[in-house]
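Q: Sequence and predicted structure, then a few things I'm wondering about:
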Amino acid sequence: MTTTAEGSGATTTMPRIGDPAPEFTAVTTQGKIHFPADYKGKWVIFFSHPGDFTPVCTSEFVTFASMQQQLAAYNTELLGLSVDGIASHLAWLQQIKDKITFRDHKNVDVTFPVIDDASQQVARKYGMIMPGEDSTKAVRAVFFIDPKGVIRAIIYYPLILGRNSAELLRVIKALQTTDHFGVATPADWQPGDPVILPIPENMTGMKERQETLAEGMTCQDWYFCTKEIPAEEVESAIRAK
């Protein structure tokens, strides 16, 4: 299910958390893709950037490409998009490899697909065009899509704000941890930090929990119980086998 918003005379589709990722076929810098079918069984970070040959986007692409191997260890692929054509993408990515150094990353080869979306069809399907920010460029949207093709988290940034790559990786780890262990993660969670246990359905359930607290479990109140899971156990559970 989606909601829609009107802006500058154009209708923008807004997928929501829990929705199936909208389907599309597109040409990319790595060939044609059918999304999300081609990524079945994989986590995907699908992100948009405002434009090729722009400085903030360049810093992001160097950073994202440099963490591809790290993301792959968590069964996660990157997929990029801007409302530029394939020739522009390819020329820009070549310049990144040949000329750009950012935070000691240089000669970076961007091998994840970047979608040709000069028509804006995919960007509008995913609500990446926000007329209040810019009617002709995509904002910095990030969609976290699980192996079943379901949208699990969404983050939006304005054109002027580069994304935090460490946070994108943290979100992937947190989502995979919650799925595997049936827990929630607190603010600023990192593997090895305590996780949050589901709230009991009733006081009887809370009493039973308090009477049977396992090692590593702590309850500060009926609604706030945590459990220790060692970082090694988390990493072993969520890293790609």
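A: That came through, no problem. Keep in mind that what you see is a predicted model, and the values were worked out from it rather than measured.

Q: which regions of this structure sit below the pLDDT cut-off?
A: For the chain, applying pLDDT under 70 flags the ranges 1-12, 202-215, 241.

Q: Which of the three states applies to residue 97?
A: helix (DSSP: H, G, I helix; E, B strand; the rest coil).

Q: How much space separates it from residue 111?
A: Distance, residue 97 to residue 111, using Cβ to Cβ, to the nearest Å: 10 Å. Using the backbone N, CA and C atoms, a C-beta is placed for each residue, glycine as well.

Q: Which residue of the two possesses the greater neighbour count?
A: Neighbours were counted for residue 97 and for residue 111 using other Cβ atoms under 10 Å; residue 97 has more, 15 against 11.

Q: is it true that the more buried one touches residue 107?
A: Yes: the pair residue 97 and residue 107 qualifies as a contact (Cβ atoms under 8 Å) at a distance of 6.0 Å.

Q: Which parts of this structure belong to which domain?
A: For the chain, the structural domains run 2-164, 182-238, going by automatic domain parsing.

Q: Can you get me the centre-to-centre distance for the last one and its chain?
A: What separates the centre of domain 182-238 from the centre of its chain is 25 Å, taken as Cα atoms, centre = their mean, to the nearest Å.

Q: Against which helices or strands is the lengthiest helix in the chain packed?
A: For the chain, the helix that runs over the most residues, judged by DSSP state H, is helix 165-181. Using 3 or more Cβ pairs under 8 Å, 6 or more residues apart in numbering; DSSP states H and E as the contact test, the elements touching helix 165-181 are strand 43-48, helix 55-66, helix 68-72, strand 140-145, strand 151-157, strand 195-196, helix 231-238.

Q: which residues sit against that helix?
A: With Cβ atoms under 8 Å, 6 or more residues apart in numbering as the test, helix 165-181 has contacts from 43, 45, 60, 63-64, 67, 70-71, 74, 76, 142, 144, 146, 152-153, 155, 183-185, 189-191, 195, 229, 234, 237-238.

Q: What distance do you get for residue 49 to residue 99?
A: In terms of Cβ to Cβ, residue 49 sits 18 Å off from residue 99.

Q: More neighbours: these two, which one.
A: More crowded of residue 49 and residue 99, by other Cβ under 10 Å: residue 49, with 28 against 10.

Q: these two touch, right, the more buried one and residue 140?
A: Yes: Residue 49 is within contact range of residue 140, at 6.3 Å (criterion: Cβ under 8 Å).
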